[in-house]
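I'll drop the sequence and a predicted model, then ask my questions.
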Amino acid sequence: LKQEESKEMRDIDAYAYTWDDLEPSKQQDAITIGIKDYDDHLAWDPNPNHAKTSWELDEISHQMGIQQVKFQGHWVKKAKVDKGNLKGRARWTPHGFQEASPSPVESPTVSQLSLRVLHVLGTQNRWKKFSFDLGSAFFTSDDCKKEHLWVREPPELMRDDGVPRYRQLWKSVPGTKAGPRDFYDSLYNYLVKSMGMERSKSDKCLFLSESAPGEVNLFCGIHVDDGCGFGTDEAIDKFQKDLEARFKVKFKIILIDTVHEFAGLEWLESYGQSGFDGVRITQHAYIEIKLHEIELEKGRKKQRERTISQEERGMLRSGLGSLRWVHRTVTEIGYDLNRLSTWSSMETCTVDQLLRFNKVVRQVKTGYREHDSVKGTKPIFPSIILPRLQKTSLKCTLIVDAGEPTDDALYRGKWHGGLALSLIHISEPTRPE
C-alpha cells in the first residue's frame, strides 16, 4: 500500500509508514514545528530566561509550600499525510503520570452507535458530508490555571552549560493527564456557548444545530480533535466559518463514493454507484497493514501442547488488541476473539492457541470464500452495510437468531448470533410485545 510520494496520498496511507521512513529534512522540520507550537500557542512560558533548573524549583517548593511538579519529556514522532503529502509530526510530550493529583481526566468520544445513526440520517436526508481536523488541538485549549506544573525543555534547547531547565506550563498539552479533558471542555464551551449548538442528551460528543425549533439542519460527531457530520449547504458554511474563527481547522467536504477514514473506520457513502445504496463501513487498510500473524520459531508449530513463553504471551495479547479493533466490522471473529482472550490470561495457554490466532488473522486478511456458480469461488472481504432509509412511515419487526452452532464450514462449532431470519411488515403501529 505504500505509494510514490509524487502521487497524492490518503490519510489512511500513513499506516504504512514510520518516522524512520522520512527524509532527515522532514524529520527536522517536524521537530522545529513541535517546539514552535509551545511558543506560538503560549502553551508554556515563552521567555527562555524564566526557565528554572531542578534545584531552583526545589527551592520554590520549599519557600511556597507547594510542590512544583517537574515533568520529564520525550518526543512522540510519527509519519502523517497532510494535503496528500507524506510528512512528519513531532510532539514534545511531558510524562504526565508524574502528576500526583490531577483534575478530572476522562475525555468522552463519539460512540460507534452514534456514528452509524449519524450516517444513516445523513444519507436519508441526502445532506452533504463534511470532516474537519483541529490542528495543534490541545495547544488551543483554554489556560490550565495551574501554576505548579513545569516541563523539561527538549534536548534541542539545551544551554551551553549542559544543565537541563524547565518551563512553566500554561496549558494542558498532550501528555498531561488533564490534556484531553481540558481540550474537550474548551471545544464544548465554544460549540454550545459561542456557536449556539446543542449537545445530544445521549452522547456527549454529538452536537446539533437547528434552523428553527425542532428543525435540525446539521449534526456532527467529535473524536478527540477530529469531527465529521452531515448538514445542509447553508448550515455547513456557517459551521465552518464559526469553527475557523476559534481554531486552526482543516475542513473538507466528502464526496459521494469516496472513502473517508474517521475514528479508525473507513466510511463510504453511495446512492447505488458502488453497488449499494447507503453506507459501507470497512477497515481494509488497517487489516492489511496492522494485522499480522505471530511469527513462531522453527519447529514450534509441532509443539501444540507446549505452554507458551512470556514473550509469546505478550505477542498474543498485542495481536488480540488489533483483533478487537477490527471486530467492529468483522463480527464473525467474535467467538474466537472471546475464547482466545480467555486463554491468553491462563497459565495453561498453549501453542495451539497461537496457531488458532494465526488462522483467524489469515481468514480476516484473505477474505472469506463465497461460491459463485458462474465465476467460481471468490473472496468476500468483511464490511458492514447501513442501508439508506427512505422517508416513510413503514413499521416492521426484525426476527433475529439468538445464536446456535451451525453446520456451515465458516461457523462450525461457533456461537454466532445476530443472523437475520425474517422481516415482518406491520401496517399499523402496535403496542410493545
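Done, it's in. Residues are numbered from 1 along each chain as shown.

ok, now which ones touch Pro154?
Neighbouring residues of Pro154 by C-beta atoms under 8 Å, 6 or more residues apart in numbering: 31, 34-35, 73, 75, 92. C-beta coordinates here come from the backbone N, C-alpha and C atoms, glycine included.

which of the residues you listed lies closest to Phe247?
Gly34 (18.7 Å; C-beta to C-beta).

which of the residues in stretch 254-268 are buried?
By 16 or more other C-beta atoms under 10 Å, the buried positions in stretch 254-268 come out as 254, 259-263, 265-268.

among those residues, which lie within strands?
Mapping the buried residues of stretch 254-268 onto strands (DSSP state E) picks out 254, 260-262, 265-268.

just the pLDDT at the residue located most distally from the centre of the chain, thanks.
Each residue of the chain has a distance to the centre, and by C-alpha atoms, centre = their mean the biggest one is for Gln63: 44.3 Å. We have a pLDDT of 91 for Gln63.

how near is it to Asp182?
28 Å (C-beta to C-beta, to the nearest Å).

which parts of the stretch 151-300 of the chain are helices?
179-189, 233-244, 284-290 (DSSP state H, counting those that start in this stretch).

contacts for the last one?
Judged by C-beta under 8 Å, 6+ apart, the contacts made with helix 284-290 from elsewhere in the structure are 1, 12-13, 15-16, 261, 264, 266, 322, 325-326, 330, 364-365, 381-382.

and of these, the nearest to Asp203?
So of the contacts of helix 284-290, ranked by how close each gets to Asp203 (C-beta to C-beta), first place is Gly264, at 17.2 Å.

for this protein, what are the low-confidence residue spans?
Per-residue confidence for the chain (pLDDT under 70) gives these ranges: 1-8, 12, 98-106, 144-146, 368-379, 391-433.

show me what contacts the residue nearest the centre of it?
Taking C-alpha atoms, centre = their mean, the centroid of the chain lies closest to Ala263, which sits 3.8 Å from it. The contact partners of Ala263, by C-beta under 8 Å, 6+ apart, come to 109-110, 112, 115, 221, 223, 226.

just give me the closest of those residues to Glu347.
Gln112 (34.0 Å).

the closest residue in space to that closest one that isn't next to it in sequence: how many residues sit nearby?
Spatially, and ignoring its direct neighbours in sequence, Gln112 is nearest to Arg328 (6.4 Å; C-beta to C-beta, 6 or more residues apart in numbering). For Arg328, the neighbour count with other C-beta atoms under 10 Å is 15.

which secondary structure element contains Arg328?
Assessed by DSSP states H and E, Arg328 sits outside every helix and strand.

adding distance to Asn47 and mean neighbour count, write the helices of the stretch 151-300 of the chain out as JSON lines.
Shown next, in JSON lines, are the helices of the stretch 151-300 of the chain (distance: least, C-beta to C-beta, whole Å; neighbours: other C-beta atoms under 10 Å):
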{"stretch": "helix 179-189", "distance to Asn47": "23", "mean neighbour count": "20"}
{"stretch": "helix 233-244", "distance to Asn47": "30", "mean neighbour count": "16"}
{"stretch": "helix 284-290", "distance to Asn47": "43", "mean neighbour count": "17"}
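
same list, these, but as TSV with distance to Phe276 please.
Formatted as TSV, the helices of the stretch 151-300 of the chain follow (distance: least, C-beta to C-beta, whole Å):
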stretch	distance to Phe276
helix 179-189	34
helix 233-244	25
helix 284-290	16
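
for Arg300, find the nearest of the ones you listed.
When these are compared by C-beta to C-beta, helix 284-290 sits nearest Arg300, at 23.4 Å.

and the next helix or strand past that closest one?
Using DSSP H and E, the first helix or strand after helix 284-290 is helix 310-326.

what angle do helix 310-326 and the next helix or strand after that next one make with each other?
Of the helices and strands lying after helix 310-326 in sequence (DSSP H and E), the nearest is helix 334-344. Helix 334-344 runs at 150 degrees relative to helix 310-326, counting by axes from the mean of the first three to the mean of the last three C-alpha atoms, to 10 degrees.

ok, the ones in strands among the buried residues of stretch 254-268 vs Gln310, which is closest?
For these, the nearest to Gln310 is Leu265 (33.2 Å; C-beta to C-beta).

burial of the closest residue to that closest one other than its chain neighbours, as a residue count?
Excluding the flanking residues, the one nearest Leu265 by C-beta to C-beta, 6+ apart is Ile281, at 5.5 Å. By other C-beta under 10 Å, 19 other residues sit near Ile281.

circling back to that earlier point, what's the farthest-apart pair in the contacts of Pro154?
The widest separation within those (C-beta to C-beta) is 12.8 Å, between Ile31 and Gly73.

what number of residues are in the vicinity of the nearest residue to Asp277 once chain neighbours are set aside?
Excluding its sequence neighbours, the residue lying closest to Asp277 (C-beta to C-beta, 6+ apart) is Arg388, at 4.9 Å. By the criterion of other C-beta under 10 Å, Arg388 has 19 neighbours.

buried residues in stretch 125-143?
127-134, 136-141.

which residues sit in contact with the closest residue to Trp19 other than its chain neighbours?
Once flanking residues are discounted, Trp19 sits nearest to Lys77: 4.2 Å by C-beta to C-beta, 6+ apart. By C-beta under 8 Å, 6+ apart, the contact list for Lys77 reads 19, 27, 30, 88-90.

recalculate using a threshold of 10 Å.
18-20, 22, 27, 30-31, 34, 88-91 (C-beta atoms under 10 Å, 6 or more residues apart in numbering).

dig out what it forms beta bridges with.
For Lys77, the beta-bridge partners under DSSP bridges are Ala90.

so which of the contacts of Ala263 sit within strands?
221, 223, 226.

and the last one, bridged to which residues?
In this case it means Asp226. Asp133, His223.

so how far is Pro108 from it?
Counting by C-beta to C-beta, the gap from Asp226 to Pro108 is 14 Å.

what about the two, which has more around it?
Comparing Asp226 with Pro108 by other C-beta under 10 Å, the one with more neighbours is Asp226, at 19 against 16.

from Leu208, how far off is that one?
Per C-beta to C-beta, Asp226 is found 18 Å from Leu208.

thinking again about what came up before, tabulate the buried residues of stretch 125-143 (CSV), appending secondary structure.
Below are the buried residues of stretch 125-143 laid out as CSV (DSSP: H, G, I helix; E, B strand; the rest coil):
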residue, secondary structure
Trp127, coil
Lys128, strand
Lys129, strand
Phe130, strand
Ser131, strand
Phe132, strand
Asp133, strand
Leu134, strand
Ser136, coil
Ala137, helix
Phe138, helix
Phe139, helix
Thr140, helix
Ser141, coil
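
farthest-separated two in these?
Across the buried residues of stretch 125-143 (C-beta to C-beta), the longest gap, 31.9 Å, separates Trp127 and Phe139.

is it possible to get TSV of the contacts of Pro154 that adds distance to Phe239?
Formatted as TSV, the contacts of Pro154 follow (distance: C-beta to C-beta, whole Å):
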residue	distance to Phe239
Ile31	34
Gly34	30
Ile35	32
Gly73	36
Trp75	35
Trp92	32
